[in-house]
Each structure stands twice: as structure tokens, then as C-alpha cells.
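Participant: Okay, here's the prediction I keep looking at, along with the sequence it came from:
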Amino acid sequence: LQLVESGGGLVQAGGSLRLSCGDSGGALDNYAIGWFRKAPGKEREGVACISSSDNSTWYADSVKGRFTVARDYGKKQVFLQMDSLNPEDTAIYYCAAEGLFVGCVLFADPYDYWGQGTQVTVSS
């Protein structure tokens, strides 16, 4: 896999962004996909993931109710819809993939494939 994220940018607090994760070679249907973020001076944080088996989703408490992860089968992508953004959401966001999961997890170690990241900046 060669994962590529897109959709990052600068947005005001309260605004929305939609990040996409795709593979240059094809679809991600058979992979669990996780979204992670890394802010300066902070540990990497898993924010959302979606399973390959039944599209079950999990969210970090910090984003629950504001972020939504889902598959776009038409575009062969997984997107992360981010609403009600606040400055604490500022980070580089990465998508990651793993082909052996039944579900998905919000910690990074099991994921084998990573994108290059996309910057999200939320101004106050």
C-alpha cells in the first residue's frame, strides 16, 4: 500500500474539515484504517478507526461526537469528517492501514502502512 492523505488546511475554531485517505494502487476495503495525529510536544494519539469486517468504528474520547470515520466506496477512500474543530485539534494527521485485524485499534504499533501526513491547523 501507498497511503496518501489529503484535505488538511487552516480553519477557524468551530469549523470543519474532511480528510481523505487513499491508496495509489487501489481500494482499502480489506484493511482496517486508523487515523492518528501528532501535535508538537505531544504523544501521537489515535483518534478514530474503522474495521474492515463490518465497518465498526471507534473514537478517542477527545473527538467523540465531533469526528466521523467512514468509507467512501465510490472513491475507494476512507475519510475523516472533523466538525466543531478547536485549536487543540491542531496536529499532523496520519492514516494507517492493517490487513489482519478483525476490528481496529487506536494504538499505532499494529498498523503496517502509513501515509505521509497532512497538516490541520485550527485558529482561535
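Facilitator: Thanks, I have it.

Participant: in the sheet, who's paired with residue 98?
Facilitator: In this entry, residue 98 is beta-bridged to residue 32, by DSSP bridges.

Participant: Then residue 92?
Facilitator: Counting by DSSP bridges, residue 92 is bridged to residue 38, residue 119.

Participant: That one against residue 115, yeah?
Facilitator: No - using CB atoms under 8 Å, residue 92 is not in contact with residue 115; the gap is 10.2 Å. Just so you know, the C-beta spots here come from the backbone N, C-alpha and C atoms, and that holds for glycine as well.

Participant: quick one: the strands in this structure?
Facilitator: 3-6, 9-12, 17-23, 32-38, 45-50, 57-59, 67-72, 77-82, 91-98, 113-114, 118-123 (DSSP state E).

Participant: Tell me who's in contact with the most centrally placed residue in the chain.
Facilitator: What sits nearest the mean C-alpha location of the chain, by CA atoms, centre = their mean, is residue 35, with 2.6 Å. Taking CB atoms under 8 Å, 6 or more residues apart in numbering, we find residue 35 in contact with 19, 21, 46-49, 67, 69, 80, 93-96.

Participant: Neighbour-wise, give me the winner out of the residues you listed.
Facilitator: The most crowded member of the contacts of residue 35, judged by other CB atoms under 10 Å, is residue 95 (31 neighbours).

Participant: Which residue is the nearest non-sequential neighbour of it?
Facilitator: Leaving aside its sequence neighbours, residue 95 sits nearest to residue 21 (CB to CB, 6 or more residues apart in numbering; 3.4 Å).
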